[in-house]
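Q: Sharing a model prediction with you, sequence too.
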Amino acid sequence: MRYYLPQQQVERALKEIYNSLNPLFSTQKRLRLSKQIYDWLVGPAETELASKDVKTLVFVLDGVMRNLPMAAFYDGQQYLVEKYNIALTPGLNLLDPRSLRPEEFNVLMGGLTEPRQGFPALPAVDFEVQQISTQSPGSVLLNHTFTELKLQELIDEAPFPIIHLATHGQFSSNPEETFILTWNGKIKVKELEKLLKLRETADSVPIELLVLSAC
């Protein structure tokens, strides 16, 4: 079943739901917008998905959709991630899938909750880190411990297949103006690349997932 919506209506709805992800927005409003997008994207296919016992949805996103969390779309009772496994890919050329065993979910988490260097506080990061910690073992660098030096030490010392950094960032076409914020400085994109490449020589365990969260 196919149907078409005016481009302006779609773009307006996507912009609204993107803005609603700010924790200062009403949860009720966010869920209402989330359900609207769910009804557009998934709702028309639900009967067919159920009849074919589909377990995983793969999204190939473009434009502003890349900034939206597919897993958080809401059908009025459940989030999409509660009903399906969610996968994202930049293109249709899929890599050979390989599942990670639960014991491999060792997570290195870093983040800021307090205002630093002219950037505002991110109070939700504390809750975010706590929630991840309850699901997976790992190490946490929060606020004054979240420095480039300490991050480098942990990446070098231990095999973390997942690195989750919840902090402010700035992204530009100029690498010198692209960075993520730490407690006492900024890690520019080229420096971050060097940090992550330590794994190539120091350990055979690859980084399976890098998450840049918060802003």
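A: Okay, I see it. Note that the structure is a prediction, hence the values are computed from the model and not measured.

Q: Following the worst-scoring helix or strand of the chain on mean pLDDT in sequence, what is the next regular element?
A: Scoring the helices and strands of the chain by mean pLDDT, DSSP states H and E places helix 189-202 at the bottom, with a mean of 73. For helix 189-202, the succeeding helix or strand toward the C-terminus, using DSSP states H and E, is strand 209-214.

Q: which strands and helices sit next to that next one?
A: For strand 209-214, the elements it packs on are helix 124-135, strand 162-167, judged by 3 or more Cβ pairs under 8 Å, 6 or more residues apart in numbering; DSSP states H and E. Glycine gets a C-beta too; all of them are placed from N, C-alpha and C.

Q: Return the list of strands paired to the helix or strand following the shortest one, each annotated with direction.
A: Stepping forward along the backbone from strand 162-167, the first helix or strand reached (DSSP H and E) is strand 169-170. Sheet neighbours of strand 169-170, with direction, are listed as strand 179-181 (antiparallel) (DSSP bridges).

Q: Contacts only, for residue 85.
A: Residue 85 makes contacts with 55-57, as judged by Cβ atoms under 8 Å, 6 or more residues apart in numbering.

Q: Among the residues you listed, which ones are in strands?
A: Counting by DSSP state E, the members of those that fall within strands are 56-57.

Q: and the nearest residue to residue 112 once chain neighbours are set aside, how many neighbours does it have?
A: Beyond its immediate neighbours in the sequence, the residue positioned closest to residue 112 (Cβ to Cβ, 6 or more residues apart in numbering) is residue 167, lying 4.8 Å away. Other residues within reach of residue 167, judged by other Cβ atoms under 10 Å, total 23.

Q: Contact partners for residue 167?
A: 110-112, 122, 125, 146, 180-182, 213-215.

Q: CSV for the helices and strands packed on strand 209-214, including distance to residue 141 and mean pLDDT?
A: Output for the helices and strands packed on strand 209-214, formatted as CSV (distance: least, Cβ to Cβ, whole Å; pLDDT from 0 to 100):
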stretch, distance to residue 141, mean pLDDT
helix 124-135, 10, 90
strand 162-167, 9, 92
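
Q: Just name the most buried of these.
A: Each of the helices and strands packed on strand 209-214 was given a mean neighbour count from mean count of other Cβ atoms under 10 Å, and the largest, a mean of 22, is that of strand 162-167.

Q: any idea of the angle that one forms with helix 124-135?
A: Orientation check (axes from the mean of the first three to the mean of the last three Cα atoms, to 10 degrees): strand 162-167 against helix 124-135 gives 160 degrees.
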